[in-house]
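Visitor: Pasting the sequence and the predicted coordinates here, then a few questions.
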Amino acid sequence: MNTAALPAIPPSVHGRDLMKAYLRVRRQTAALIKPLDAEDLVAQSMPDASPAKWHLAHTTWFFETFVLARDAAYSVFDPAYGYLFNSYYEALGPRQPRPQRGLLTRPPLREVLAYRRHVDGCMQILLQDELDEQTRALVQLGLAHEEQHQELLRMDLLHLFSQSPLHPAVDSGWRAEAGGRQARFLPVAGGLAQLGAAADDGFAFDNERPRHSVLLPRFEIADRLVTNGEWLDFMADGGYTTPALWLADGWAQVQAQQWRAPLYWQQDGQGWRRMTLGGLRTVHPDEPVLHVSYYEAAAFALWSGARLPTEAEWEAAASAGLLEQVDDVAWQWTQSAYGPYPGFRAERSAVGEYNGKFMVNQLVLRGGASVTPRGHARTSYRNFYRPEQRWMFAGVRLARDLSPESAAWPEEFAADVRAGLSARRKQLSPKYFYDAEGSALFEAICLTPEYYPTRTESALLRDVAPELALSVPEGAVLVEFGSGASDKTRLLLDAAPQIAAYVPIDISDDALNAAAARLREHYPALHIAPLVGDFTAELELPAAVRGRPMVGFFPGSTIGNFTPEEAVHFLQGARRLLGKDAMLIVGADMVKDEATLLAAYDDAQGVTARFNKNLLVRINRELGGDFDLALFEHEARWNGEAQRMEMHLVSRIDQIVNAAGHSHAFKAGESLHTENSHKFTPQSFARLAQRAGWRVERQWISNVPQFAIFGLIFD
């Protein structure tokens, strides 16, 4: 036999190590059927599935046929098993038709288990001896083959149990696939990449080789999988009833099979539920969607303004460590047809029928699933199924093209815009408001009659600055987060001349440099060290100011723009940046009547509306966008439950907008959520600070409309 097509075996996997691996894999298979009864193991629910008893026998037949029978002295357990338990190896003769495996009530389960014990005993004797390279390679292939059938066995049992009105559990202790946040799209530079398993990578199936070079264009890929919540939105938007989203063959399947949701989903008085290995369970929006066909995955991708990745893109991103949920949740459809790599040659014997003969009319899935044995998958692994199949644990990871000109776009801004406009509820971070024009417009907002926070805070700060100054050490460094024009800073600098240095932090280079220049004129003795950056990220103070007493300054109620979790994260980051003996001065707006709040965020002059729409102007200018500002309306909303003001840009019509190289659909009335401004009570702010390791030492609250300044120290 030519061994070139057999998987390479690391030199360490031999003798005792190979024996341990063999026993471990065989025991894992036995453990999977332990909770089940004999009746569960004989039934076959569809032609694509096989009875569990057949899996037990077939994996044993594989070792007997390809390993033990190489020795002419070996006597097969039962010659009839070659017909009963051969899967698709034509070179080895005829076999039981696959759709009729469920008719094999004989041999009974006890004889199949006796067959496994017989072969295991013979294999243990064989593995005690030093094996030649070819035999070791066949044993390793057999172990990988059995691990594949462990996954298939669970898939097939789930499909079988889903047919029962009792909704029984295959495994009552089965834990749902971990949910979490929605995916972010991460850019990948492209260029020449290596695809497939290298010759010295250890075990790999023959279809993973030879390793070869591929040229990838620039693209971006989602770091996590599509969730049930996103799929519910797809369904609610007519995903299964809109022919334009579907490939022709896929639409034919939708019509013929009456698909309206992923496989195993069912709707009742309790909402959507799905059949799992643990029985019937509620569909949770943040969990990954499972059991969808290629046709469904492709339709969802088109609906969401994305596409499925190629297998080369997937492997490049996975190898670079960009992806989460890689091999422990769901296999991920790619748009790549399952075919041979350049230079692939199938072995010219029965074992060569393992993969090569299936290289037609199938598509590649990458990764691994919750039912995949741990350690079985690897980055180069190529799974494959027909596009209409759904009973396997298949999910969706999205990708998108990047235009050549996108190389000149600000990477973080572009990525956040693409992610924000692709989300179920479109949203963007308010930090992108503050380019030079946005900063100027915000200063204009502060002068409008309705916008009380700046006037109220400035008056309060003017009154309490002498008290604050008493807590500022000699030679201290004032670090201001999101400094903008630094107007309020002067009140503190005037009251505390002992401040020796000032570090304004802002995302806008233009606004920061302009403010620093103005301050140098008024405070020539003050050392000013501007720091351009996102103050919510990890930053490092300039070397010249390190080691001095630190006072943090965060006025303007900007902390209200964060979610509670983001606010805690910021306060924790400020704690690390400033050091344990620091003080932090924070401005925060207080909860008040709705009319006052709505007027403050939607002034009669329309300055706030221009400020909000300037975000679209910036996207048009910096990211090649084509937003028509006249087709979006500024809207301020009070969210009483969350105790926050919200700013939105609401689409007046159904429209398609291009930005950062992608198209995004807006429905009439759909909003882009651009800012939150949480309002506080003294108690709610103290709780927030405590979560981040700070304690409110002093607080000052103005008269109506109430605004507060809090002095924080380490708790």
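Guide: Cool, got the structure.
Visitor: where does the stretch 301-450 of the chain dip in pLDDT?
Guide: 350, 405 (pLDDT under 70).
Visitor: Domain-wise, how is the protein divided?
Guide: Using automatic domain parsing, the domain parsing of the chain gives 15-162, 185-402, 419-433+595-678, 436-592+680-714.
Visitor: okay, those domains in JSON lines with mean neighbour count next?
Guide: (C-beta placed from N, C-alpha, C; glycine too.) Output for the domains of the chain, formatted as JSON lines (neighbours: other C-beta atoms under 10 Å):
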{"stretch": "domain 15-162", "mean neighbour count": "17"}
{"stretch": "domain 185-402", "mean neighbour count": "19"}
{"stretch": "domain 419-433+595-678", "mean neighbour count": "18"}
{"stretch": "domain 436-592+680-714", "mean neighbour count": "18"}
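Visitor: Show me the one of those domains that comes nearest residue 171.
Guide: domain 185-402 (5.0 Å; C-beta to C-beta).
Visitor: got the end-to-end distance for the closest one?
Guide: 11 Å (C-alpha to C-alpha, to the nearest Å).
Visitor: Tell me the gap between that domain and the middle of its chain.
Guide: Mean C-alpha position of domain 185-402 versus that of the full chain (C-alpha atoms, centre = their mean, to the nearest Å) differs by 14 Å.
Visitor: Would you map the strands across the stretch 501-650 of the chain?
Guide: 501-506, 527-528, 531-532, 550-554, 583-589, 632-639, 644-651 (DSSP state E, counting those that start in this stretch).
Visitor: Which of those comes out lowest on mean pLDDT?
Guide: Note on these: lowest mean pLDDT is at strand 531-532, with a mean of 90.
Visitor: Residue 610: which of the strands of the stretch 501-650 of the chain is closest?
Guide: It's strand 632-639; of those, that one is closest to residue 610 (C-beta to C-beta) at 8.2 Å.
Visitor: any idea of the angle the closest one forms with strand 644-651?
Guide: Put simply, strand 632-639 runs at 150 degrees to strand 644-651, going by axes from the mean of the first three to the mean of the last three C-alpha atoms, to 10 degrees.
Visitor: and strand 632-639, which strands flank it?
Guide: Sheet pairing of strand 632-639 (DSSP bridges) gives strand 644-651 (antiparallel).
Visitor: any idea how far the strand it pairs with is from the chain center?
Guide: Its chain's average C-alpha position is 26 Å from that of strand 644-651, according to C-alpha atoms, centre = their mean.
Visitor: The helix-or-strand element of the chain with minimal mean pLDDT - contacts with which helices or strands?
Guide: In the chain, no helix or strand scores lower on mean pLDDT, DSSP states H and E than helix 509-522, which sits at a mean of 85. When contacts are defined as 3 or more C-beta pairs under 8 Å, 6 or more residues apart in numbering; DSSP states H and E, helix 509-522 sits against helix 436-445, helix 489-495, strand 501-506, strand 527-528.
Visitor: Need the ones you listed in JSON lines (columns: distance to residue 364).
Guide: JSON lines is the format used below for the helices and strands packed on helix 509-522 (distance: least, C-beta to C-beta, whole Å):
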{"stretch": "helix 436-445", "distance to residue 364": "45"}
{"stretch": "helix 489-495", "distance to residue 364": "58"}
{"stretch": "strand 501-506", "distance to residue 364": "47"}
{"stretch": "strand 527-528", "distance to residue 364": "57"}
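Visitor: Can you say which of these is nearest to residue 182?
Guide: That would be, of these and by C-beta to C-beta, helix 436-445, which comes in at 26.4 Å.
Visitor: Secondary structure element holding the residue most central in space within the chain?
Guide: Closest residue to the average C-alpha location of the chain: residue 224 at 1.9 Å, with C-alpha atoms, centre = their mean. Under DSSP states H and E, no helix or strand contains residue 224.
Visitor: Helices of the stretch 551-700 of the chain, start to end?
Guide: 564-578, 594-600, 607-623, 682-691 (DSSP state H, counting those that start in this stretch).
Visitor: can you list the ones you listed in TSV and add mean pLDDT?
Guide: TSV is the format used below for the helices of the stretch 551-700 of the chain (pLDDT from 0 to 100):
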stretch	mean pLDDT
helix 564-578	94
helix 594-600	96
helix 607-623	95
helix 682-691	96
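Visitor: Could you export those helices to TSV, including columns for distance to residue 383?
Guide: Formatted as TSV, the helices of the stretch 551-700 of the chain follow (distance: least, C-beta to C-beta, whole Å):
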stretch	distance to residue 383
helix 564-578	36
helix 594-600	54
helix 607-623	37
helix 682-691	44
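Visitor: Next, the contact list for residue 57, please.
Guide: 81, 84, 85, 107, 112, 115, 116 (C-beta atoms under 8 Å, 6 or more residues apart in numbering).
Visitor: measure it to residue 583 for me?
Guide: 73 Å (C-beta to C-beta, to the nearest Å).
Visitor: Same question for residue 190.
Guide: When distance is defined by C-beta to C-beta, residue 190 is 48 Å away from residue 583.
Visitor: Which residues outside stretch 640-649 are in contact with it?
Guide: Under C-beta under 8 Å, 6+ apart, the answer for stretch 640-649 is 560, 591, 594, 597-598, 600-601, 608, 612-613, 615-616, 632-639, 671-680, 684.
Visitor: Figure out which of the helices of the stretch 551-700 of the chain is closest to residue 315.
Guide: Per C-beta to C-beta, nearest to residue 315 of these: helix 607-623, 28.8 Å.
Visitor: And that closest one, how far out from the chain middle?
Guide: Its chain's C-alpha centre and that of helix 607-623 lie 29 Å apart, by C-alpha atoms, centre = their mean.
Visitor: helices or strands up against it?
Guide: In terms of contacts (3+ C-beta pairs under 8 Å, 6+ apart), helix 607-623 is packed against helix 411-422, helix 436-445, strand 632-639, strand 644-651, strand 655-659, strand 671-678.
Visitor: Which elements pack onto the first one?
Guide: So that's helix 411-422. Partner elements for helix 411-422 (3+ C-beta pairs under 8 Å, 6+ apart): strand 185-188, helix 607-623, strand 655-659, strand 662-666.
Visitor: Strand partners (parallel or antiparallel) of the shortest one?
Guide: Going back to what we said before, that points to strand 185-188. Strand 185-188 has these strand partners (DSSP bridges): strand 219-222 (antiparallel).
Visitor: Pretty sure residue 180 sits against residue 329.
Guide: No. Contact criterion C-beta atoms under 8 Å: residue 180 and residue 329 do not qualify, at 10.1 Å.
Visitor: To residue 335, which of the strands of the stretch 501-650 of the chain lies closest?
Guide: So among these, strand 644-651 is nearest, using C-beta to C-beta, at 30.7 Å.
Visitor: got the contact list for the helix or strand containing residue 463?
Guide: Assessed by DSSP H and E, residue 463 sits inside helix 452-470. Residues from elsewhere that reach helix 452-470 (C-beta under 8 Å, 6+ apart): 446, 487-488, 491-492, 494-496, 498, 555-557, 585, 587, 589, 596, 600, 698, 700-702, 705-709, 711.
Visitor: wait, which of the helices of the stretch 551-700 of the chain is closest to residue 195?
Guide: Comparing these by C-beta to C-beta, helix 607-623 comes nearest, at 31.2 Å.
Visitor: contact partners of that closest one?
Guide: 409-410, 413-414, 417, 428, 432-433, 435, 437-438, 441-442, 444-445, 448, 451, 601-602, 625-627, 629, 632, 634, 636, 647, 649, 659-661, 674-675.
Visitor: helix/strand/coil for residue 129?
Guide: Classification of residue 129 by DSSP: H, G, I helix; E, B strand; the rest coil places it in coil.
Visitor: May I have stretch 548-559 as PDB, with CA atoms only?
Guide: Provided in PDB are the C-alpha atoms of stretch 548-559 (Å, rounded to 0.1, in the frame of the first residue of the first chain):
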ATOM      1  CA  ARG A 548       3.600  63.200  40.800                       C
ATOM      2  CA  PRO A 549       0.300  63.500  42.800                       C
ATOM      3  CA  MET A 550      -2.600  63.000  40.400                       C
ATOM      4  CA  VAL A 551      -6.000  64.700  40.200                       C
ATOM      5  CA  GLY A 552      -8.400  63.400  37.600                       C
ATOM      6  CA  PHE A 553     -11.000  65.800  36.100                       C
ATOM      7  CA  PHE A 554     -14.100  64.500  34.300                       C
ATOM      8  CA  PRO A 555     -16.600  67.400  34.000                       C
ATOM      9  CA  GLY A 556     -19.600  67.900  31.700                       C
ATOM     10  CA  SER A 557     -21.600  64.800  32.700                       C
ATOM     11  CA  THR A 558     -19.800  62.800  30.000                       C
ATOM     12  CA  ILE A 559     -20.000  59.800  32.300                       C
END
